[in-house]
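S.K.: Requesting a structural model of the entry that follows:
(chains A and B)
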Amino acid sequence: MSVRYIPVGWNVNKLVYDAALAVAVVAYLAIFLHVAQQSPPAPYDDATIRMRAYGSCAFVMLSLVLCIGPLARLDSQFLPLLYNRRHFGVATFVVAATHASFVLGWYFGFSSTDPYVALLTSNTSFGRIAGFPFELFGVAALIVLFLLAATSHDFWLSFLTPPLWKALHMAVYGAYACVVAHVALGALMAPALQPLAYVVVGCALVVATLHVLAARKQAALDRPSPEEGGWIVVGPPERIAEGRAVVVPLAGAESVAVFRNAGKVSAIANACAHQNGPLGEGRIIDGCVTCPWHGFQYRLEDGCAPAPFTEKIATYNLRLRAGKIELDPRPNPPGCRAEPLDVKGAPT
Amino acid sequence: MTEDDPFFVGYLPAPRAVQFFALSMIATLVFGFAALALTIGRTPADVEAAHYGEDLDIAGVLVAHPYPLVVAPADAAHPQGRAIMLAADGKHGVQEFADALDGRAVEAKGVLVKRGSLDMLILGADDVKGGAPASAPTATPLGRWRISGEICDGKCASGGMAPGAGLSHKACANLCVAGGLPPVLVASGPVEGARYLLLADSAGAPTPDIADLVARPVTLEGAVERLGDMLVFRVDWPKAHAP
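M.R.: Numbering: from 1, shown residues only, chains lettered A, B, ... in the order given. Next up is the predicted model:
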């Protein structure tokens, strides 16, 4: 969390994350370049080897970036991967752009036609699958990755507003589809089946499977709770462990996190104001709910981030009736105080 | 937040259990990337090996059509004579100055690129010296053929690039052909002992626009003739078939 915009708010965990990523990428490129130059009987030329190295590396990186979200949904142990995912995304764009620069310089260079013009005009076989100008899929994906990398900073999240920023960044799935098409109609059209084909199919299957599993888990959590007279039954106080929350889905996409802290129960919106992180899976640190994604904090009683931070989320009213906690599904305005429900004496 | 309930907050020191899991993820990431690089990087190019970079001086007769060639007289290594395609640097042909020297004895020097029986000489400025008019080399007719293969540009196919073929190279090959470099057919099987045929139209002139057929599996029909040690395929382009 930061009250002002700085290029990168470095800390030890981010440095470790970036160093591990850099080591993995450098190892991939160094090993690829080394073994490819020695592949008998006919190695690729050096420029093509560089294209293949950076292109395949970018594909694997993008696949991994897309796996992080569902992995973190399925198992909270993977949450540290999500914390600095934006750096992973920016690094993916840099590797993909390097691949594109090699392609432009080699396949589209050395001609009297401008390389960018040649890229768009030298193959116009749009009516065929075999021979389709697959480069255009790569161009489309690179443009999306650039937009995502360029707007990855929290300044853009605030400037564009979280809903628009989130919608923009969902375009990464379109970019991934374009990348799969780019590779399938390009490198994988070689007559002999290559290891790259297995990697591409395997990565795409893993990405799709993880998203299906995470969606199924989320769908199970989103089953509506029973309602009594307009109030939603959360359950007896002992249903909520001390310092933890239960998440109550509402009609529509919203849900509420009902926390128990020091014998009192409070309800706040489940979506973090930063990037919609699941606050109900957070913990209470220094008296504040702490988001499991990036550590943004909110007071339970009014949904306000502690000073000097200014983020606010909605609070909800609770009541205790016949030994059960009930929730009023109508949200209070963000930052509005809602009196915590005293459940001291109730079992934990 | 306790060691029994490890919870990761990015700006706080990570609990020991999180540190252990993070280390295992880092190791998986690094070794996984290394294994993938070993697997994908080892794939060889699916073409015959090429040779690039040998300087060559050659004397022969310049033939400007369908595409510029120098045809050198027969010697021990080339009993049928030696035909070498000519090109300039980059994706540029040499048709303009070849037209001026058509049918003349020339001395050409440049950088040889070679794959199998396909030779190309890359010329610099003033690398061809023209001489007296000479008798044109005789082409030997080899009959009509229907041949399957892939159309490539002569420069990348002869070793300017590796692999210099395949659909991923299609746009580059189109640019090369559009720049005046000769198109060749890489036959799927040997034709009169050769796998590479210089393409022309049925009258022996340069090919029409064949960009859509380049880099795809094609079957072509037409007359084949031998010029020096090079096969020239005069294709009936309307009958060209690409599944």
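S.K.: so what are the domain limits for the chain?
M.R.: By default, I'm working from chain A. Residue ranges for the domains of chain A, per automatic domain parsing: A:12-221, A:227-342.
S.K.: To clarify, I was referring to chain B.
M.R.: Taken from automatic domain parsing, chain B resolves into B:1-32, B:51-133, B:140-239.
S.K.: So which of the domains of chain A is nearest B:Leu56?
M.R.: Of all these, domain A:12-221 sits nearest to B:Leu56, with 20.1 Å by C-beta to C-beta. Placement of C-beta: from N, CA and C, glycine included.
S.K.: end to end, how far does the closest one reach?
M.R.: Distance across domain A:12-221, first residue to last, is 34 Å (C-alpha to C-alpha, to the nearest Å).
S.K.: Among the domains of chain B, which comes closest to A:Val117?
M.R.: domain B:140-239 (10.4 Å).
S.K.: what about that closest one, start to end distance?
M.R.: Domain B:140-239 end-to-end distance (C-alpha to C-alpha) = 23 Å.
S.K.: So for that domain, mean pLDDT?
M.R.: Averaging pLDDT along domain B:140-239 yields 96.
S.K.: Including mean neighbour count and distance to A:Ala130, could the domains of chain B go into TSV?
M.R.: Listed next are the domains of chain B as TSV, based on neighbours: other C-beta atoms under 10 Å in any protein chain shown; distance: least, C-beta to C-beta, whole Å:
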stretch	mean neighbour count	distance to A:Ala130
domain B:1-32	15	32
domain B:51-133	18	23
domain B:140-239	21	6
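S.K.: Compile these into TSV and extend it with columns for distance to A:Gly287.
M.R.: Listed next are the domains of chain B as TSV, based on distance: least, C-beta to C-beta, whole Å:
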stretch	distance to A:Gly287
domain B:1-32	13
domain B:51-133	68
domain B:140-239	59
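S.K.: what's the burial count for the closest residue to A:Val247 other than its chain neighbours?
M.R.: The shortest distance from A:Val247 to any residue other than its chain neighbours is 3.8 Å, reached at A:Gly280 (C-beta to C-beta, 6 or more residues apart in numbering or on different chains). Residues lying near A:Gly280 (other C-beta atoms under 10 Å in any protein chain shown) number 22.
S.K.: And for the one 3 residues further on?
M.R.: Applying other C-beta under 10 Å, we find 20 residues neighbouring A:Arg283.
S.K.: can you pull the contacts of the residue most central in space within chain B?
M.R.: With distances taken as C-alpha atoms, centre = their mean, the residue of chain B nearest its centroid is B:Ala157 (1.6 Å). Applying C-beta atoms under 8 Å, 6 or more residues apart in numbering or on different chains, we find B:Ala157 in contact with B:115, B:118, B:164-165, B:184, B:186, B:196.
S.K.: And for A:Gly89?
M.R.: Taking C-beta under 8 Å, 6+ apart as the test, what A:Gly89 contacts is A:65, A:145, A:148-149, A:152, A:172.
S.K.: OK, contacts around the residue in the stretch 101-250 of chain A positioned nearest to chain B?
M.R.: For the stretch 101-250 of chain A, the nearest residue to chain B under the criterion C-beta to the nearest C-beta is A:Phe110, separated by 3.3 Å. Under the criterion of C-beta under 8 Å, 6+ apart, the neighbours of A:Phe110 are B:89-92.
S.K.: Quickly check those for the two that are furthest apart.
M.R.: Going by C-beta to C-beta, the pair spanning those furthest: B:Asp89 and B:Lys91, at 8.9 Å.
S.K.: quick one, strands of chain B?
M.R.: Remark: strands assigned in chain B by DSSP state E are B:51-63, B:69-72, B:82-87, B:104-115, B:118-133, B:140-153, B:183-191, B:194-201, B:217-227, B:230-235.
S.K.: How about the stretch 151-300 of chain A?
M.R.: Here the stretch 151-300 of chain A has its strands, by DSSP state E, counting those that start in this stretch, at A:227-228, A:231-235, A:245-249, A:255-261, A:264-269, A:283-285, A:288-290, A:297-299.
S.K.: Output those in TSV, with mean pLDDT appended to each entry.
M.R.: What follows is those, written out as TSV (pLDDT from 0 to 100):
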stretch	mean pLDDT
strand A:227-228	76
strand A:231-235	93
strand A:245-249	94
strand A:255-261	95
strand A:264-269	96
strand A:283-285	94
strand A:288-290	96
strand A:297-299	97
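S.K.: any idea how far B:Pro238 is from the residue lying closest to B:Pro182 once chain neighbours are set aside?
M.R.: The shortest distance from B:Pro182 to any non-neighbouring residue, by C-beta to C-beta, 6+ apart, is to B:Tyr67 (3.5 Å). Distance from B:Tyr67 to B:Pro238, counting by C-beta to C-beta, to the nearest Å: 21 Å.
S.K.: and what of A:Gly345?
M.R.: In terms of C-beta to C-beta, A:Gly345 sits 93 Å off from B:Pro238.
S.K.: Please apply the same query to A:Gly174.
M.R.: A:Gly174 is 41 Å from B:Pro238, where distance means C-beta to C-beta.
S.K.: returning to what we had before: can you pick the most crowded of the contacts of A:Gly89?
M.R.: If you rank the contacts of A:Gly89 by neighbour count (other C-beta under 10 Å), A:Leu145 sits at the top with 27 neighbours.
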